[in-house]
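Participant: quick one: sequence plus predicted model below, questions after.
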Amino acid sequence: MVYNTKMFNEALMVAKLAHGSQIYGDIFPYEKHLIDVIDVMTRFELPMKYKIAGALHDVLEDCDVSYNKIKDYFGEDVAEIVYCVTDELGRNRKERKAKTLPKIASNPDAVIVKLADRIANIQHGGKVDMYAKEYSNFRDTLKQPDQLAKPLWDTLDKLMKYSLQVSI
């Protein structure tokens, strides 16, 4: 599949429509979070496939969009990335993450998208205390010797180290 700007714009439009009036944080339209994730990907010069998946990364979890629709319009690679970063069901966050992180780890492309999502969440959405508590397990489960992921890991490590120093 050829990933291009037209496909990216369509993915972003689908995600905006699917998220509709959902709010990110306390006041922002959900679109802001999608743009923040894509901005991280742009900063790290990630290929278009990741930006498309980044635009769609929460639609299976939060919206009425199916895996097959994503696959039909944006290809199996993108659908698999979105599927892998979608939280599994569980009674609480800890249980959901225990089920979801190994699924993300099974797909190196999904790790890239999750890292961009996590960086965007920390830089623009707070949640640092929650992520700090989870970071060791997050890192141990998802860390892979992937050169594309290395700059994202370096950034996330610095953000976490800084946030831990600030909160002490």
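Facilitator: Received it, and whenever you're ready, just let me know what you need.
Participant: would you state the strands of this structure in chain order?
Facilitator: 23-24, 28-29 (DSSP state E).
Participant: can you list the strands that the first one pairs with?
Facilitator: Translated: strand 23-24. Strand 23-24 has the following strand partners under DSSP bridges: strand 28-29 (antiparallel).
Participant: pull the distance from the strand it pairs with to the chain's centre.
Facilitator: Counting by Cα atoms, centre = their mean, to the nearest Å, strand 28-29 is centred 17 Å from the centre of its parent chain.
Participant: give me the contact list for that strand.
Facilitator: With Cβ atoms under 8 Å, 6 or more residues apart in numbering as the test, strand 28-29 has contacts from His19, Ser21, Gln22, Ile23. Yep, even glycine has a C-beta here, placed from its N, CA and C like the rest.
Participant: need those in JSON lines with distance to Leu159, pLDDT and neighbour count, can you?
Facilitator: As requested, the contacts of strand 28-29 are exported to JSON lines (distance: Cβ to Cβ, whole Å; pLDDT from 0 to 100; neighbours: other Cβ atoms under 10 Å):
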{"residue": "His19", "distance to Leu159": "25", "pLDDT": "97", "neighbour count": "20"}
{"residue": "Ser21", "distance to Leu159": "30", "pLDDT": "95", "neighbour count": "6"}
{"residue": "Gln22", "distance to Leu159": "25", "pLDDT": "95", "neighbour count": "14"}
{"residue": "Ile23", "distance to Leu159": "24", "pLDDT": "92", "neighbour count": "12"}
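Participant: poorly predicted segments of this protein, please.
Facilitator: 125, 163-168 (pLDDT under 70).
Participant: so what's Glu10 up against?
Facilitator: Tyr73, Phe74.
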